[in-house]
Every structure is written in structure tokens, then in C-alpha cells.
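[1] below: sequence and its predicted model.
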Amino acid sequence: MKKDKLLLIILCFIFSFNFSNEAFANGKKEGENKSPLMENFMKNMEVDLRLSYGFYMHHHYEMEGYRAHFPMFELSLQKQTYGTSYWQHCFNYPAVGVTAFYSPMGNIDVLGQAFAIYPYIYFPFIKGNTNFGIRFGLGLGYLTESYDHIENPYNICIGSALNAAASISFDISHRFTDRFKMSLFGGLQHFSNGCTSEPNKGTNVLRAGLSAAYMINEPVERIDPSQLTEKRTIEYLKEFRPELYAGLSYGYKRIDYNQKDYTTVLDFEVYVMEQLTRLFKLGLGFDLIYDRTNILRNIKSGETWTTAQIMNPGAHVVGELVMGKTSFMFVVGKHFGKYMHTEKNYQRLGLKIDFHKHIYGKVTLTVHQWHIADFLSFGVGFKL
């Protein structure tokens, strides 16, 4: 349980960092006095209420027994960006926010109820009073029931109370006044623990609903991009300026429900990136992964592998979508180690935060075969 509390603290800090950055951005020209923090926080701040109705999507045959239709409720605090950073102009002024989520999840005793809190970002595709866009959210969820081989053996979906909560939805919105808008949306709500405990099939809920948002104060006029100081001009980007990164990530997982202790996964990585545009970087990297679960599997199979043998090297291609101090990372790679119990091909999704021009932190999920979660990890690194 101590590991789960650590997961809660780290996830809440990492995923709220970018929201606080946007919430306190002042949007004034350089040289002018800054507004008080609370005034900056409240600029373009909206309260959003979302009501939806959904049902379970059975992505495993053995989950067919979970049949229910149920409501979901969300109360969000979101900030409509207005151009304090260049990336906001490029993405049609997205909205960032944090939401509190609740659902009875069909009142199925073995699955329990769901509570969650997670930051999100909404990308509009078009401009105007009527808009269409996509919203991504990722944070922490709490399920009141989880698998127990004695008290709750029929919950084959979730093996822990604390889980990752992920949401994706497509929204059609219309702004009726400068301060009030409504939206129709549909999408997917997901809970799983990233293979930190077994079982880890997770739950997927298809849903659709209605939302209403009200801006607390009068909207702020958007900032003209020409007023921003943008270092990476087109001429700057044409020059070859590779960036070298080195980092270490720590993860943990269980491979059996009866396993008492978590096993450690360490990932040392070095990679080189080149910024191709103001919003996108591309690079190549090298991994060296120590996964102690291989030793446990060896004991079961009667094999004997040394620590050195289970150190798995790998190479990967990495892409990075840059949004201010925050970046979304996607990795496709291959392990070359001879001694391993997982697939050699791997993929990785991650969120990277620049705490300083030379120091970054990140949280990543490593998967195999594009859908099988392997481990969730937290890392820090240094940019040369």
C-alpha cells in the first residue's frame, strides 16, 4: 500500500504541473508589471459540469458477465488559453483543466464504485462559436472494490484500489454567449493499474453525454503571436542542433496476485533529439532495462539466469510533441537481450515535464504488442 500512496503523490504532482503553469500565466507584454497570482489564475477560468451515460465494453471474453448501463458525473475547473505561449496559437487555443469524476459503475458489487481526479487538455479542431475537438485526460482513480481470492474472486478486471484513470472524448460545442457554452460529447473512460498488481485487464466504458461551462469572469482578449518572444525561429530550426538526454526511471509491478512484494524495474536511457518544428522533435535512443521479474519467472521454470544476463539492452525511435514545458512522448523500440520473458518489440507512452532547462521528469507506460501493459515508471533526467 505504501507503493500505491507514492504513486498517488507522484501522479498528482506530475499531471497538475502543466495546469498550474497555464493557470498562472500572465499574458502581459514583457516589461509590464505582473498581476497578482490569483488574478492570473482566474483569467479565462471556467466551471464545467459534465453528465454522461455509458456501458461496459467487453474487451475480454470472460468479462461478458458484467452487463450494466449507468451514469457518470464530472465537475471540472478549466482554463481557456489565450496565447501566452506559441504552442497555444498552433493548436487553436486549447483548454486545460482538472476534473473530479464519480460513477456507481452499474452498482455491480464485485466492481464497486469509481472516484477519480485527473488533469486534461482539450484540442479544438476549428475556430468559431461552434467547435469540434478532442479531449484527453489522465490521472488517478479509486475503485471501492478490487480482486481478492477469498472475499472478491469474481472481480477479474482490477487487482488494486488505486488505478490510473484515462479518458478520451470527442466534443461538439457551441458558445451561446461570451461566458456560456454547451457541448455534446462521446468517448471512452478507462481504469487500470498499469500492471502494478494482478489482475490488470482494466475496465473500458463507452459513454455519451452533455456538458455546460460558465466562465467566471469576462474573457481575456487573445494575445497576438507577434507580441511573443519566440527563440526557435524558422531560421533557427534549419540549423542542426542535436539535444542529448540521459535519464533513469524506476518502476514496479507484480506478476502474480499471491506475490507479496513488488518487483523492481530500472530503465537507464540515453537518446539524441533534433527539433524539426516548433512543436515536434524526433530522435534515436538506447535503453538498458533491469527487470527483476525475470528472476522470479526463472525460479518457477527451473532456469538459472544471473543478474547480468537479465540486463536487456534495446534501441528505439522517439517522437516528442512539445507544448511549452510539457511534452508527450511516443517510443517504438526493440530489445536485443537473449534472456527475457517479454516480447522483444516494445512501445512506450510518456509525459515529460521540464522543471529546468537542464532537468526533466517524466512518467511512462511501457507496453508490448501495442496493448499489453508491462510496467509504469517514473523518471528524472538531465539534458546536456
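    Nice, thanks for sending it over.

[2] CA only for contacts and neighbour counts going forward, please
    Noted.

[3] now the residue nearest the centre of the chain, nearest residue through space, not along the chain?
    Nearest residue to the geometric centre of the chain (C-alpha atoms, centre = their mean): residue 138, 4.2 Å. Excluding its sequence neighbours, the residue lying closest to residue 138 (C-alpha to C-alpha, 6 or more residues apart in numbering) is residue 166, at 4.5 Å.

[4] I'd say the one you found and residue 120 touch.
    No. Counting by C-alpha atoms under 8 Å, residue 166 does not reach residue 120; the two are 9.4 Å apart.

[5] which neighbours do those two share?
    Common neighbours of residue 166 and residue 120, using C-alpha atoms under 8 Å, 6 or more residues apart in numbering, are 136, 137, 138.

[6] report the contact partners of the second one.
    To tie it back to what came earlier, the one meant is residue 137. Residue 137 neighbours (C-alpha under 8 Å, 6+ apart): 118, 119, 120, 121, 165, 166, 167, 168.

[7] so where do the strands sit in the stretch 151-300 of the chain?
    Secondary structure of the stretch 151-300 of the chain (DSSP state E, counting those that start in this stretch): strands at 162-175, 180-192, 203-215, 243-253, 263-275, 280-291.

[8] farthest pair within the contacts of residue 137?
    121 and 165 (14.4 Å; C-alpha to C-alpha).

[9] between the shared contacts of residue 166 and residue 120, which is nearest residue 250?
    residue 138 (19.6 Å).

[10] surely residue 252 is in contact with residue 265?
    Yes. With contact defined as C-alpha under 8 Å, residue 252 and residue 265 form a contacting pair (5.5 Å).

[11] what about the protein, any weak spots by pLDDT?
    1-36, 59-62, 229-238, 255-260, 296-305, 339-342 (pLDDT under 70).

[12] Provide a list of residues in contact with the residue nearest to residue 272 when sequence neighbours are not counted.
    Among residues not flanking residue 272 along the chain, residue 244 sits closest, at 4.6 Å (C-alpha to C-alpha, 6+ apart). Shown in contact with residue 244 (C-alpha under 8 Å, 6+ apart): 270, 271, 272, 273, 383, 384.

[13] ok, of these, which one's closest to residue 357?
    Of the contacts of residue 244, the one sitting nearest to residue 357 (C-alpha to C-alpha) turns out to be residue 383, at 7.5 Å.

[14] tell me what that closest one is bridged to.
    The partner list for residue 383 in beta bridges (DSSP bridges) reads residue 245.

[15] and if you look at residue 335?
    residue 314.

[16] one step back: got the strands of the stretch 151-300 of the chain as a markdown table, with distance to residue 52 columns?
    Formatted as a markdown table, those follow (distance: least, C-alpha to C-alpha, whole Å):
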| stretch | distance to residue 52 |
| --- | --- |
| strand 162-175 | 11 |
| strand 180-192 | 8 |
| strand 203-215 | 4 |
| strand 243-253 | 33 |
| strand 263-275 | 38 |
| strand 280-291 | 34 |
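
[17] which residues do residue 252 and residue 265 both contact?
    With C-alpha under 8 Å, 6+ apart as the test, residue 252 and residue 265 both reach residue 375.

[18] the two - which one has more neighbours?
    Between residue 252 and residue 265, residue 252 has the larger neighbour count (other C-alpha atoms under 10 Å), namely 23 against 18.
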